[in-house]
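[1] sequence? don't have it. structure:
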């Protein structure tokens, strides 16, 4: 595994420290979420599943589903043990790893160590380790890759092991997973008695890239490439596997293999289809491989898919996958707001994909969307206090949609938690001779360039609420490299100065990044000013659900109106193009968010009495509406919420 | 059972002959639907279920589900035998009865007779007759009135028996059902060994009123009153029944008894809740009893429920019950258009209820809604050719919603068919000294007033497309009575003349009816002119789904735009208040419907390219849109459809 000036790899999490906006979120994860994840995994029965000294929990166990409206002790249901529990434990440990780096916590570390010990005991002689197949459904190993999340679980455990090693230096979990993957290398392949297969739920592909990068071991990268290259080829592995297992391939509940993006070889896929998280994880792995192998055929396929997603199938929040029935995609331009599924995991995974599309160089085509999905579709999944979680993320609510304490399919809580806890690694990337700043926010990052030059890069800023970003560099000795700063597409009129000297942006901007190549020295200061104005956004008229509607963004943040500030019946609000600002306010009870009050028209309701339909149109009157960042909705008094307002 | 001037009973179906608009629809039912209903009932296995000479079909049988997109022979699934099949056979026979009156058809009559013969053979010694309990689940009689549709099936069979007797004069089916009800009279009551119960799915209540009216037998009326009075009282029958049957009452899948409107005694119910068809059938029976017993406490409860439904929970189409999950009601003002359930049966049943609210006298508060639901929510359920059926009735479609050939729950096809085939009986009603015309349309009806005076009343009109209605009277001798003609609320400026003499409407209008009391003589002519202008309708701002939207009606008809006339992306159409009419056209390929072309603005789509969101609002350009009656949508080339347009 070589490095080059064409390969931008993310910084390891410990290489970045964040403060400001993201610091508060990371503190919530460190102080609350990290331990809550373990508590609730255990309440759900997961510990018993991995602990070989206890009896198997069986296929059905008592289970606490903690809905938004029920106290933790009250609601219980007997549900199936979940085949993907290992992944949820793994994502929880990954979160803990990142949390430990920020805030050492001996008790939390002990709890993680104990779980890793249980996995060590669970691991079989040959290296195999999966609690569901060993403890709940023994004898079914490798019989149904299509449905049973076997390699998916391994993928998340690999990611957790890498993170735990990076955060703590402890190798035990990493060694467990290396042994497991070494065994997989004997199972998968084109040899006789080998399986030319891959997982119905992509995830291991990107995980193996992480494992290869941390171990420097090419064989893990090659296994990832094998899984990606086999996917969707004929004869179809899932057909053959089903027949071997005595199942009728055509009886597949999802009808065809679009659900798992295995309907075609990956390089022939043009349309983003199926289960949203599966799609994003697959494309993330593909993008990593495109970077590592400098594979233009993969990059080309990914760019087609990227445009397909972001120009026809994405909510303004960066939410994706409108439908609950397949947890995924439907038709082009079908973006219902009140019933939006837009799973938290899917936006988290879109951040993953976008960040990996930057592996071949800075380009705001990807980074702008990464920021949009991060601040809106993804972050909304976590409450301000780090204790509750959205699974689906509508853009309109009548007041009944609230965060869960836990969910029978608890994938989202640890997913948003690990993203928040590792957000620094998405802010920056480096190649041999370039440092790219993809996201802005109070932080400090350490880089090592080709030749060993070390650079410390810091941002002082109140972004995303204020657009002034002061970057400063720390170097032991001057060094020549390119510092690339993203200029978001929405930031027309952005200003840039190096050591007080204004820089003509147009002369240095490539692919939406200001690329400043020079000999940098210790103490150099760069000031970037991004204009943050409230701006209206209209949807393509093909989006029927947004017809006659307007949404409002400020910088990367989608804003919404909540009942707690504005009363109910928010659909009566009519927003004129570029509404007048009546004022702003810093809300201390809402993480210090900047609220924006705008002048609107609002349809009168009183004069309707009990009339349901009438020939006279509603009468409007002037009113003010307070807007708050969408990601913070449902953190105060519960009530209605709206993103897309009537436009007039 | 007495008659009075306070009791308006519907005319028997044979007393009215319709032509014009409804004549075409009735011809389609006579020529196609009536036999199709039997064909598909039989294809679904129902004949085997009632035929005691054949083996029981068992709990699961091969079944043809004929979806909109599949040829009849292709799609098959194994499904449970349906506990409510008797009701679907019964509604089919009821349809045939009405069809036979319009068009004698020996073959169809023979098929109905043969089925009635099978029911005769099925009937047990004690009078009990129900195919599911006798053939599929023997031994379960009267054990689960809450869920198992036992009395519901009996109700539909009673309605069918009454209709078949009225249409053919044959008593066999009527006698079967009288024997069955006579047996029920021993089963239900407050005596020891009797059940103080009622059906989870109301229906028998209104059926028993029909049976009482046709037989003159008060005991059937009293049984209906018993069922209504017992409903929702404590201790709750469904709780006690469940315990007797070894079921946990609290484990009820719908949570509480709102689903079946048995959560409270009926006179204490204020809010329309639960399963929409159940609600409408219950209220229909209650309204019949209010008329028969002159029961003001029932009328008062019904008026509260009426306002609740029609001012907070009804689509502009007269569709009701927005949610598929409970086939019923949700929150006030929750009226989603694209996912509207708005079951055909529910609008049919709203017509039933409305017509029965007229039992205590003409009042357009009820009759206007009856007409609205009839022409829009209900009639849409039947294709123009009488061969296919809508189950749910959205007000917006992207082009994927089409009528079914048959449905696994085939309640709607015979329900809309029997309504269409008997529509004449909803047009008129009479008391001892008043004739009320509730609905307009080419037709002729026979009345007998107190004292035996016979009146023939005819309408010549092209209503609902033309507002001129010429009524003429035929009498053997002059007679004094009141002729009451509905003046719809939307018909401001209506004109009325008797024998050429204009009548001042305001001087004769009571409760929205022109009440002309005089001595009428043979050949008297009344001319009513209802202005039919396209009129915009706006929804109460609390209906978030219609915010910023306008719909268009002309007379009783909701109009819509279809893709076949207007291209796709109908949500780009912007309708100004009272749009200019560009022209009208009579569409021969659409039952001679009047299409209306209007001037609109339409958002340009081309200039968006691949942009999904942008800060510049869409640009509009002038365009024309062709509107057609909503009830006729999806009868030509399949495609998108829209009722609520962007308003501007």
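    The structure has been received and is ready for your questions. These numbers were taken from a predicted model, which means no experiment stands behind them. Residues are numbered from 1 along each chain as shown, chains lettered A, B, ... in the order given.

[2] Quick one: the strands in the stretch 501-648 of chain A, in order.
    Here the stretch 501-648 of chain A has its strands, by DSSP state E, counting those that start in this stretch, at A:501-503, A:509-510, A:513-520, A:525-529, A:534-539, A:549-554, A:557-562, A:573-575, A:581-587, A:593-603, A:613-614, A:620-629, A:641-642, A:645-647.

[3] so what's residue A:51 up against?
    With contacts taken as CB atoms under 8 Å, 6 or more residues apart in numbering or on different chains, residue A:51 has the following neighbours: residue A:118. To be clear about C-beta, it is placed using only N, CA and C from the backbone, and glycine gets the same treatment.

[4] no wait, residue A:463
    Listed by CB under 8 Å, 6+ apart, the contact partners of residue A:463 are A:20-21, A:440-442, A:469, A:530, A:555.

[5] So which of those residues belong to helices?
    Among the contacts of residue A:463, DSSP state H puts A:20-21 in helices.

[6] Grab the nearest non-local neighbour of residue A:639.
    residue A:563 (2.7 Å; CB to CB, 6 or more residues apart in numbering or on different chains).

[7] ugh, typo on my part, it should be residue A:237
    residue A:197 (4.7 Å).

[8] right, and the secondary structure at that neighbour would be what?
    Classification of residue A:197 by DSSP: H, G, I helix; E, B strand; the rest coil places it in coil.

[9] Can you say which of the strands of the stretch 501-648 of chain A is nearest to residue B:588?
    Minimum separation from residue B:588 across those (CB to CB) falls at strand A:613-614, 31.6 Å.

[10] Where do the helices of the stretch 351-500 of chain A begin and end?
    A:364-372, A:412-421, A:424-427 (DSSP state H, counting those that start in this stretch).

[11] Quick check: which of those is buried the most?
    Mean neighbour count (mean count of other CB atoms under 10 Å in any protein chain shown) peaks for helix A:412-421 among these, with a mean of 30.

[12] Residue of the stretch 301-450 of chain A closest to chain B, please.
    Using CB to the nearest CB, the closest approach of the stretch 301-450 of chain A to chain B is made by residue A:311 at 4.4 Å.

[13] Give me the helices and strands touching the helix or strand harbouring that residue, please.
    Assigned by DSSP states H and E, residue A:311 falls within helix A:296-312. Secondary-structure packing of helix A:296-312 (3 or more CB pairs under 8 Å, 6 or more residues apart in numbering or on different chains; DSSP states H and E): helix A:276-293, helix A:344-357, helix A:364-372.

[14] Mind putting the ones you listed into TSV with distance to residue A:630 and mean pLDDT?
    Shown next, in TSV, are these (distance: least, CB to CB, whole Å; pLDDT from 0 to 100):
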stretch	distance to residue A:630	mean pLDDT
helix A:276-293	19	98
helix A:344-357	12	98
helix A:364-372	11	98
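
[15] can you put those helices in CSV and add distance to chain B?
    CSV is the format used below for the helices and strands packed on helix A:296-312 (distance: least, CB to the nearest CB, whole Å):
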stretch, distance to chain B
helix A:276-293, 16
helix A:344-357, 14
helix A:364-372, 10
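
[16] what's the angle between the helix or strand in which residue A:160 is found and helix A:412-421?
    Residue A:160 belongs to helix A:150-168 when elements are defined using DSSP H and E. Orientation check (axes from the mean of the first three to the mean of the last three CA atoms, to 10 degrees): helix A:150-168 against helix A:412-421 gives 40 degrees.

[17] mind listing what's buried in the helix or strand following helix A:150-168?
    Beyond helix A:150-168 on the C-terminal side, the first helix or strand identified by DSSP H and E is helix A:172-187. Neighbour-count burial for helix A:172-187 flags A:172-174, A:176-181, A:183-184 (criterion: 16 or more other CB atoms under 10 Å in any protein chain shown).

[18] just stretch A:493-506 next, same as before
    Buried, per 16+ other CB under 10 Å, within stretch A:493-506: A:494, A:496, A:498, A:503, A:505.

[19] Next, give me the two most distant ones among the residues you listed.
    A:494 and A:498 (14.1 Å).

[20] any low-confidence regions in the stretch 1-150 of chain A?
    By pLDDT under 70, the weakly predicted segments of the stretch 1-150 of chain A are A:1-3, A:60-80.

[21] now the strands: where do they sit in it?
    Shown for the stretch 1-150 of chain A, the strands assigned by DSSP E, counting those that start in this stretch span residues A:9-10, A:16-18, A:60-64, A:76-80.

[22] ok, back up a step: any chance of a markdown table for the buried residues of helix A:172-187, columns distance to chain B and pLDDT?
    Compiled in a markdown table, the buried residues of helix A:172-187 are given as follows (distance: CB to the nearest CB, whole Å; pLDDT from 0 to 100):
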| residue | distance to chain B | pLDDT |
| --- | --- | --- |
| A:172 | 47 | 98 |
| A:173 | 42 | 98 |
| A:174 | 41 | 98 |
| A:176 | 44 | 98 |
| A:177 | 39 | 98 |
| A:178 | 43 | 98 |
| A:179 | 46 | 98 |
| A:180 | 42 | 98 |
| A:181 | 39 | 98 |
| A:183 | 43 | 98 |
| A:184 | 40 | 98 |
